[in-house]
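> Predicted coordinates and the sequence they were generated for:
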Amino acid sequence: MKNSKFWFFTFVGPVLVTFIIVVIIPTLMGIYFSFTNWDGINHNPDWIGLSNYFAIFERGGDFLDSFVFTAKFAATTVVTINLIGFGLALLVTGKIKYSNAVRSVFFMPNLIGGLILGFVWQFIFTNVFSHVGGVLGLDFLQGWLATTATGFWGLVIVMTWQLSGYMMIIYIAALQNIPKSLIEAAEIDGATSWQKLTGITIPLVAPALTIGLFLTLSNSFKLFDQNLSLTGGGPFNSTEMLALNIFRTAFVFSQFGRAQAKAVVFLIVVAIITLTQIYFSKRKEVEM
Amino acid sequence: MFKTSKWRFLSIVLVVILSVALFAGCAKEEEPVATETEKEKDAEPTPDPGPVEIEIFQFKVEMAQDLDAAAREFEKAFPNVTVVIQTVGGGDDYGAALRAKFASGEEPTIFNIGGPQDVEDWKHKVADLSGEPWVELAHPGILSGVTVGNEIFGLPFNIEGYGFVYNKSIFADAGIDASKIVDFESLEAAVIELDAKIQAGDLKDKYPNLEAVFDLPAKENWVTGLHTSNAVLAQEFASSIEAFEAAEVQFTYGDALKALIDLQANFSPHADNKYRLNAVDYATQVDMGLAIERVAIIQQGNWVFGGVKGIDENVANNLGFLPFPVKGAIEDSIPVGVPMHWAVNKDSGDAEIEAAKEFLNWLYTSDVGKNFIVNEFFFIPPLKGFDDFPPADPLAKSIIEFAEAGRTMPWVFMGYPSGWGMDILGNQIQKYLAGKITWDEVISVSIDEWAILRK
């Protein structure tokens, strides 16, 4: 046991060093740069204190607009993804044919890269929708992605389509862990399907729900690639989400310092929201 | 037991093969570097000032091989000069790579600079080329992006132009004489006439897809925010350098910009629902628009030729440019500009500088060089004197006609504040098309943002 310190550092050391180099140091540097007017080229930017942070909330309010849009998007997708994911899980764990094949099909969208997915769906929304709408005479299928509302729902549809299958896998794992005996006991007591679902299944799936909510919430907040390829923030930046807004501030406007300040605010906000969510859903979990 | 060891053997073999293949792949790319160092060794030990080596650090990957062939030809004509070419691909990467190259102390003799921001950044490094013979051959305004006072810091790669690209056969069948279009008024009259014929179905038999005169890709902010606005702001700024130095923008011809946008929007397929233009992209406008004869005119540049040709060669060969009229100002011209320049490093030795100047001069004024420019690089030459080397495609020809008639205006959008053209003005135009704001707001917001970004 006297060697435990040695072994501890032998095994943890390399990872710790890597972690410090690629995560801790860049984060600290990022925080430092958020207090400067760095433009991405100059190696010795000036220290300008908190002005970047003030500017984020003052000028034009584009960060706040993006924030509101992202929050709405996250709230919507958390509901749709988890509902559909859970629904799919119930479906494929029930008595249906080819359930493994069906699972793979539902999971597949997850294997496609976000950028490609965005471009494919862009084609579907703008061309296929408008063609189908023209043939069927449905006017609401015209001009998709040309307005803020259709851009929003377009993003929600793509994100839901992509992530539901992933959540389904998590819920399947949870559903299969529910002891058959509990269900049988309930059946003997004469519980209806609805009572079984709300009284047994959902409470016992709660730990998976915590994970599901956390993943969808943080993924929705951090969404970048689908946003970039599907709408690119258009029309007039009204569908620009936080990550894209930060990226544009840095690489389009060359305001790296201000973008860093936005990123720091972003980090804090996402951390607060997801930690709060975990705290509350943890309390709802039941131990077996 | 035997079975597992067989598998292990097989997997080891696979790993070895794959890694060898990987290294072979890497080595292949490194090859030219190796030959370059050999040449450097050859050049170094000779104390005699005769042999000179110049190094070109350039970014156009697609012409790297052809440029190399041109360099070998040059070496035949000037046996004492060795030309070494290094290519690093793609816009942003090149800028970073060039900085790294200079920082490492291995400064190239010839390198590339783009717009005014580059000129500003590299001013202390680039040699004045105003004494070169090709300067007199330049088309008017072509050198404006690299001219500061009396000094000229770059030789343009090529020229590109944009404006209203139109389908000549549709015009002919509609009985409209495109040569009569010389200003905004005559353009508008022709558009109204064509539109009436399209709506009446007169052209339906020959052009079943034809549904409107224009298509406006408002989703592509660079089309509206950079290109359309450029024509209007070129009346205000004489060059991109001037725009780059301007603390404010006046928008003297703001109404002319409105006229250009409105004309394209009002005669587009979405004239009744203009907000839908905000989802029209480049592919819809060009590949699914002009190329399939769904629309007759689009605002684009000579770069659309290849794409259209890939879809319908007949359409591609019947394209030409109409003037891009700025109402109340220059109405008969098209914006023509230079995307990239050659610059010479003034800290190289005198012999190297001379050889570099000689090379550029040779490339753009000798017959062998000219042949490379037009037929190997597929450039529209930025200089006069290429009469014996006609360009292949009709859009390039059309641009040369405009340039030779002096009917051009400069590209000033390279001097806009970073992000202003696309993310400010382009977005305001989208809002205008969506009916969210008035035109006056488009202009006032853009004026304010210019000033803020220039601070």
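Noted; the coordinates are in hand.

> Spell out which parts of chain B neighbour chain A.
For chain B, the contact set with chain A under CB under 8 Å from any CB of the partner chain comprises B:218-219, B:221, B:270, B:273, B:275-279, B:281, B:284, B:418-419, B:422-423, B:427-428, B:430-431, B:434, B:436, B:452-453. Just so you know, the C-beta spots here come from the backbone N, C-alpha and C atoms, and that holds for glycine as well.

> in chain B, which ranges drop under the pLDDT threshold?
Filtered on pLDDT under 70, chain B yields the residue ranges B:1-10, B:12-49, B:89-93.

> The most centrally placed residue in chain B sits in which helix or strand?
Residue closest to the mean C-alpha point of chain B, counted by CA atoms, centre = their mean, is B:Pro339 at 4.3 Å. Counting by DSSP states H and E, no helix or strand carries B:Pro339.

> wait, doesn't it sit right on B:Phe157?
Yes: using CB atoms under 8 Å, B:Pro339 makes contact with B:Phe157 at a distance of 6.7 Å.

> do you know how far the residue nearest to the centre of chain B is from B:Met414?
9 Å (CB to CB, to the nearest Å).

> quick one: contacts for B:Asn167?
Residues near B:Asn167 by CB atoms under 8 Å, 6 or more residues apart in numbering or on different chains: B:Leu290, B:Glu293, B:Ala296, B:Ile297, B:Val315, B:Asn318, B:Leu319.

> ok, so of these, who is nearest chain A?
The nearest member of the contacts of B:Asn167 to chain A, counting by CB to the nearest CB, is B:Leu290 at 16.7 Å.

> Tally up the residues packed near the closest residue to that closest one other than its chain neighbours, please.
The shortest distance from B:Leu290 to any residue other than its chain neighbours is 5.0 Å, reached at B:Ile298 (CB to CB, 6 or more residues apart in numbering or on different chains). Residues lying near B:Ile298 (other CB atoms under 10 Å in any protein chain shown) number 28.

> which other residues reach stretch A:194-203?
Taking CB under 8 Å, 6+ apart as the rule, stretch A:194-203 contacts A:Leu175, A:Ile178, A:Leu182, A:Ile183, A:Ala186, A:Glu187, A:Ala191, A:Leu209, A:Val286.

> Give the buried residues for that stretch.
Buried residues in stretch A:194-203, counted by 16 or more other CB atoms under 10 Å in any protein chain shown: A:Lys196, A:Ile200, A:Thr201.

> of the residues you listed, closest to B:Val83?
Distance ranking of those against B:Val83, using CB to CB, places A:Thr201 first at 75.0 Å.

> picking up where we left off before, where do the contact lists of B:Pro339 and B:Met414 overlap?
In contact with both B:Pro339 and B:Met414: B:Gly114, using CB under 8 Å, 6+ apart.

> For chain A, which helix or strand comes out least confident on mean pLDDT?
Across the helices and strands of chain A, mean pLDDT, DSSP states H and E gives its lowest value to helix A:51-58, namely a mean of 84.

> For that one, output the C-alpha coordinates as PDB.
Presented in PDB, the C-alpha positions along helix A:51-58 are these (Å, rounded to 0.1, in the frame of the first residue of the first chain):
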ATOM      1  CA  SER A  51     -16.600  46.200 -21.400                       C
ATOM      2  CA  ASN A  52     -17.200  43.000 -23.500                       C
ATOM      3  CA  TYR A  53     -19.700  41.800 -20.900                       C
ATOM      4  CA  PHE A  54     -21.500  45.100 -20.900                       C
ATOM      5  CA  ALA A  55     -21.500  45.200 -24.700                       C
ATOM      6  CA  ILE A  56     -23.100  41.800 -25.000                       C
ATOM      7  CA  PHE A  57     -26.200  43.000 -23.200                       C
ATOM      8  CA  GLU A  58     -26.200  46.500 -24.600                       C
END
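
> Packing partners of it?
With contacts taken as 3 or more CB pairs under 8 Å, 6 or more residues apart in numbering or on different chains; DSSP states H and E, helix A:51-58 sits against helix A:62-93, helix A:256-284.

> Turn the ones you listed into TSV, columns for mean neighbour count.
Output for these, formatted as TSV (neighbours: other CB atoms under 10 Å in any protein chain shown):
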stretch	mean neighbour count
helix A:62-93	19
helix A:256-284	17
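
> what's the closest of those to chain B?
Across the helices and strands packed on helix A:51-58, closest to chain B is helix A:62-93 (CB to the nearest CB), at 9.5 Å.

> near chain B, anything from that closest one?
No: using CB under 8 Å from any CB, helix A:62-93 stays clear of chain B, with a minimum separation of 9.5 Å.

> and the angle from that helix to helix A:51-58?
On the basis of axes from the mean of the first three to the mean of the last three CA atoms, to 10 degrees, helix A:62-93 is oriented at 70 degrees to helix A:51-58.

> ok so, going back, neighbour-wise, give me the winner out of the contacts of stretch A:194-203.
Most surrounded of these: other CB under 10 Å gives A:Leu209, at 20 neighbours.

> which residue sits closest to that residue, ignoring its sequence neighbours?
A:Ser281 (6.3 Å).

> How about the contacts made by the one you found?
A:Ala206, A:Leu209, A:Thr210, A:Leu213, A:Phe214.

> so A:Met167 is in which element?
Going by DSSP H and E, A:Met167 is in helix A:148-176.

> could you give me the average pLDDT of that helix?
Helix A:148-176 carries an average pLDDT of 91.

> what helices or strands is the very next helix or strand once past that helix leaning on?
Downstream of helix A:148-176, the next assigned helix or strand under DSSP H and E is helix A:180-188. Counting contacts by 3+ CB pairs under 8 Å, 6+ apart, helix A:180-188 packs against helix A:193-196.

> so how far is the helix it packs on off the chain centroid?
31 Å (CA atoms, centre = their mean, to the nearest Å).

> send the alpha carbons of that helix over as CSV?
In CSV, the C-alpha atoms belonging to helix A:193-196 read as follows (Å, rounded to 0.1, in the frame of the first residue of the first chain):
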residue,chain,number,x,y,z
SER,A,193,-52.7,-0.3,-18.9
TRP,A,194,-52.8,3.4,-18.1
GLN,A,195,-52.5,2.7,-14.4
LYS,A,196,-49.5,0.4,-15.0
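
> Next secondary structure element downstream of that helix?
helix A:202-222.

> List the buried residues in that next one.
Using 16+ other CB under 10 Å as the test for burial, helix A:202-222 gives A:204-205, A:207-221.

> Please report the distance of the residue nearest the centre of chain A from A:Ala206.
Geometric centre of chain A, nearest residue: A:Asn219, 1.5 Å, by CA atoms, centre = their mean. Between A:Asn219 and A:Ala206 the computed distance is 20 Å (CB to CB).

> same thing with A:Gln260?
38 Å.

> again, but for A:Asp65
Relative to A:Ala206, and taking CB to CB, A:Asp65 is found at 35 Å.

> go on, B:Asn371?
75 Å.

> neighbours of A:His131, just the number please.
A:His131: 12 surrounding residues under other CB under 10 Å.

> Revised request: answer the last question for B:Pro51.
Close neighbours of B:Pro51, defined as other CB under 10 Å, add up to 15.
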